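Colleague: sequence first, then the predicted structure, then my questions.
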Amino acid sequence: MKQSLFESRHQASWERFAARLEQLETRTPRRKRKTVVKPSEHADFSAAYRQLCQQLALARERGYSSHVVDPLQQLAMRGHQQLYRSRGHVVASLLNFLLAEFPRRVRAEWRFVAVAGALFYTSLIGMGVLVYLFPDLIYSIVDPSQVSEMENMYQPAAERIGRAAVRGSSDDLAMFGFYIMNNIGIGFQTFASGLLFGVGSLFYLLFNGLMIGAVAGHLTDIGYTQTFLSFVLGHGAFELNAIALSGAAGIKLGWALLVPGRLSRGEALRLAAAQAMPLVYGVIVFLLIAAFIEAYWSSMTVISPTVKYCVAAVLWALVGAYLLFAGRGRHAPD
């Protein structure tokens, strides 16, 4: 391709890239502190930067004159500097979300969180007590084959407790992936079903609470209390609370459909979804942490139950303190 044709074909994109660089480079220090680069904007800039680098490489390979190569080289150098500065903004934005925005959103939606948490934990504890007092009740909730599987998973003689009765450490990575898919599936189901005017989220909160409570009550009744609790309490600080928060986000969607106020149902739903998404993103983080703990810590039998109970107590306290206090005193109010 001739140099003139190469220039005419790409000149417009070079000018757009240069204009974008001007915007990034002329921000004042105060503006930089307040401006958060959205992931989509960062991706667009990265794509444009990569395209420019490819064009620069082509220009050099084809032996084009310095009239073309030098300006492209300057744009590439400036783009490289801004690219990594933008990445720094993305990291800062992610940290701000984890340390402030997510826990603030949980507190802002405390009514929905309270309803979801009360339904989930009340059904869990209530069913656990009922199954413990009336052992045959377990078979009204859980299929007998699943009951047998649960007993094998949590028998005290197992080398690795949890998803399988016996599994080697080489399986931990596979189980980590399984837990991620399983946990996120439950969380998404509980959230998305809120579109059924909130009834779906209420149902899955109740269903999961009853199932977990029934299993807990049965295993306690047959003497597997220590094995079961030492396994579930650690990652439960993240997993169980994530299920409740998923339900809270779903109930918020349903409430917007039921009581849209002066807005149309579509507008109310869009607004509620925008406010609920920080809850969903935080739930995903919680479920990833839960999956990691479940795969690499909870299933271990070489750690004494006492140590596991102590770690679990610390994790529950940290999660509670994080949701109650993180982000207070920052710029954005609850």
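Modeller: It's in.

Colleague: in the stretch 1-150 of the chain, which spans are helices?
Modeller: Remark: helices assigned in the stretch 1-150 of the chain by DSSP state H, counting those that start in this stretch are 3-25, 29-34, 39-61, 66-96, 102-108, 110-133, 138-141, 144-153.

Colleague: looking at those helices, which is buried most?
Modeller: Ranked by average neighbour count under the criterion mean count of other Cβ atoms under 10 Å, these are headed by helix 102-108 at a mean of 20. Backbone N, C-alpha and C define where each C-beta goes, glycine included.

Colleague: same for that helix, what does it pack against?
Modeller: Here helix 102-108 touches helix 265-293, helix 305-325, going by 3 or more Cβ pairs under 8 Å, 6 or more residues apart in numbering; DSSP states H and E.

Colleague: tell me the mean pLDDT over the first one?
Modeller: Put plainly, it is helix 265-293. What helix 265-293 shows for mean pLDDT is 93.

Colleague: which parts of it are buried?
Modeller: 268-269, 272-273, 275-276, 278-284, 286-293 (16 or more other Cβ atoms under 10 Å).

Colleague: export the helices and strands packed on helix 102-108 as TSV, with columns for distance to Y64.
Modeller: Below are the helices and strands packed on helix 102-108 laid out as TSV (distance: least, Cβ to Cβ, whole Å):
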stretch	distance to Y64
helix 265-293	46
helix 305-325	56
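
Colleague: I125: which of these is closest?
Modeller: Smallest distance to I125 across these (Cβ to Cβ): 14.9 Å, for helix 305-325.

Colleague: buried sites along that closest one?
Modeller: Applying 16+ other Cβ under 10 Å to helix 305-325 flags 305, 308, 311-312, 315-316, 319, 323 as buried.

Colleague: ok, the residues you listed vs F45, which is closest?
Modeller: Within those, the smallest distance to F45 is 34.3 Å, found for L323 (Cβ to Cβ).

Colleague: shaky segments in the stretch 101-250 of the chain?
Modeller: For the stretch 101-250 of the chain, the stretches with pLDDT under 70 are 159, 162-171.

Colleague: with distance to V69 and pLDDT added, can I get the buried residues of helix 305-325 in a markdown table?
Modeller: Formatted as a markdown table, the buried residues of helix 305-325 follow (distance: Cβ to Cβ, whole Å; pLDDT from 0 to 100):
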| residue | distance to V69 | pLDDT |
| --- | --- | --- |
| P305 | 68 | 92 |
| K308 | 63 | 95 |
| V311 | 59 | 97 |
| A312 | 62 | 96 |
| L315 | 57 | 97 |
| W316 | 61 | 97 |
| V319 | 56 | 97 |
| L323 | 55 | 96 |
